[in-house]
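*Asks:* model this:
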Amino acid sequence: MCEAISLGDRTPDDPDEEYTGYVGRRLPWLRQIAYPLCQDWHRADDPVQSAITRLHVKWRHARLADDLDAYVRVILIRVFLTEQRSGWFKRVRLASAPTPTLCRDRRPRHRHLPCGLRS
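*Replies:* Sure thing, here's the model as predicted:
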């Protein structure tokens, strides 16, 4: 089991450097948490990336937490759950919208159907 990393009472000169150091040390641990959720190492990288991005945004507040590892773990779990609740089609755009094709069929009952489905 990984040990919790305490920032102690020190106040470094550069919060971004402190954030980078923390993420660099804890990235393997975050991936180990995400893997059982995603069941795939490659898919596990997505919520980890989103979680460390959110952590960066809230770093000034997060670094003051009593247990920073627990704080980051909660962020990771919430990111995973949010991604599971939204459909993949909301997150992924594979190509631009197809251009409509003109059809010769002008029957009113078939206008709502694409050309390939009209009889």
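*Asks:* Show me what counts as buried in the lengthiest helix in the chain.
*Replies:* As assigned by DSSP state H, the longest helix anywhere in the chain is helix 15-38. Along helix 15-38, the positions that meet the burial threshold by neighbour count (16 or more other C-beta atoms under 10 Å) are 18-19, 22-23, 26, 29-31, 33-34, 37-38. Quick note: C-beta positions are derived from backbone N, CA and C, even for glycine.
*Asks:* Return the member of the residues you listed nearest to residue 75.
*Replies:* Here the nearest of the buried residues of helix 15-38 to residue 75, counting by C-beta to C-beta, is residue 30; it sits at 9.6 Å.
*Asks:* Not counting its neighbours along the chain, what's nearest the closest one?
*Replies:* Using C-beta to C-beta, 6 or more residues apart in numbering and skipping the chain neighbours, the partner closest in space to residue 30 is residue 48 (4.8 Å).
*Asks:* element containing that neighbour?
*Replies:* Secondary structure assignment for residue 48, by DSSP states H and E: helix 41-57.
*Asks:* Just the element for residue 83, please.
*Replies:* Counting by DSSP H and E, residue 83 is part of helix 68-85.
*Asks:* now that helix against helix 15-38, angle please.
*Replies:* 50 degrees (axes from the mean of the first three to the mean of the last three C-alpha atoms, to 10 degrees).
*Asks:* pLDDT of helix 68-85, averaged?
*Replies:* Per-residue pLDDT over helix 68-85 has a mean of 94.
*Asks:* among the helices and strands of this structure, which has the poorest mean pLDDT?
*Replies:* The helix or strand of the chain with the lowest confidence, counting by mean pLDDT, DSSP states H and E, is helix 88-91 at a mean of 60.
*Asks:* contact partners of stretch 28-35?
*Replies:* 2, 41, 44-45, 47-48, 51-52, 69, 72-73, 76-77, 80 (C-beta atoms under 8 Å, 6 or more residues apart in numbering).
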